[in-house]
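> how would this look folded up:
(one chain, ligands or ions: 2)
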Amino acid sequence: MSAAAWIIRAAALVASEADRLTRLDAAIGDGDHGHNLDRGFTAAAAAIDGAAVDREAPPGRILIAAGRAIVSRTGGASGPLYGTALRRAGKALGDAPVVSAAGLGDALRAALDGVTELGGASEGDKTMVDALAPAVAACENALAEGGDLETCARAAAEAAAAGADATVPLQARKGRASYLGERSIGHIDPGAVSTALILRALAETAS
Ligand code: ADP
Ligand code: MG
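Ligands and ions are numbered 1, 2, ... in the order given. Sure thing, here's the model as predicted:
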């Protein structure tokens with residue numbers, strides 16, 4: 001798996017879905033999520049494409065650099081959360097020259113731990129955790145059944161998409177959407193949608 005290819009693919013998907021993500025955030029937030037994330041991922045992809053990051057560096061190093069770019073360029077609550085997720089994933093991979101299936105499972109788990117430590121959200125709070133937590137569980141289940149890296153990534157992407165859809169009936173208990181109380185019910189969480197998108201990019205590049 002190429003970490004550089006993942007981030008570059010994620011940046012392309014985020015750019016093409018930025019308007020939709022921002023519209024979703026306009027319904028229960030402040031209408032900036034897609035453009036926030038587009039700025040961050042564009043910066044991360046540019047760092048990888050440019051001289052700032054050695055594309056031949058170990059995948060863990062690339063994810064740490066991407067996370068750093070995202071923290072510095074993404075506004076809103078999601079910037080530090082996604083930046084932390086990628087830096088923690090990168091640290092979990094360490095300097096391993098290639099990502100193993102088990103390594104990917106550990107990296108996704110570390111990303112989830114980083115997001116929950118920083119944001120304090122649990123599953124059911126209508127946040128990106130509602131996509132990321134089932135994704136980690138699905139990847140770990142796939143690995144326990146002997147699945148390879150591609151199987152783990154695909155399982156994670158599918159579970160994240162289902163987890164995002166399942167945020168619609170939830171009431172937000174974290175982040176800006178929680179200010180709406182019951183009025184947050186009936187809308188999908190934009191951060192859960194973007195997490196599913198980023199994991200779809202992973203599945204597409206993990207083969
Ligand atoms: P902001 O809410 O500051 O405008 P964004 O619009 O970029 O930031 O991101 C909103 C998304 O961030 C939400 O849809 C939600 O998924 C996620 N989010 C907000 N707060 C938290 C938190 N405490 N833990 C996890 N995710 C969160
Ligand atoms: Mg917002």
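
> strands of the protein, start to end?
With DSSP state E as the criterion, the chain has no strands.

> for it, longest helix please?
As assigned by DSSP state H, the longest helix anywhere in the chain is helix 3-28.

> look up the pLDDT of the closest residue to ligand 2 within the chain for me, please.
Across the chain, no residue is closer to ligand 2 than Gly29, which sits at 3.9 Å (Cβ to the ion). For glycine as for every other residue, the C-beta is placed from the backbone atoms N, C-alpha and C. Gly29 carries a pLDDT score of 96 in this model.

> which residues does the residue nearest to it when sequence neighbours are not counted contact?
Distances taken as Cβ to Cβ, 6 or more residues apart in numbering place Arg176 nearest to Gly29, at 4.5 Å, with adjacent residues excluded. Shown in contact with Arg176 (Cβ atoms under 8 Å, 6 or more residues apart in numbering): 28-30, 77.

> also Asp125?
170, 172-174, 178.

> neighbour-wise, which of those residues leads?
Ala172 (24 neighbours; other Cβ atoms under 10 Å).

> for Leu170, see how far away the residue sitting furthest away from the middle of the chain is.
Seen from the C-alpha centroid of the chain, the residue lying at the greatest distance (Cα atoms, centre = their mean) is Glu182, 26.1 Å away. Note on Glu182: its distance to Leu170, by Cβ to Cβ, to the nearest Å, is 11 Å.

> dump the residue contacts of Glu158.
Ala138.

> now do it, the pLDDT please.
What the model reports for Glu158 is a pLDDT of 98.
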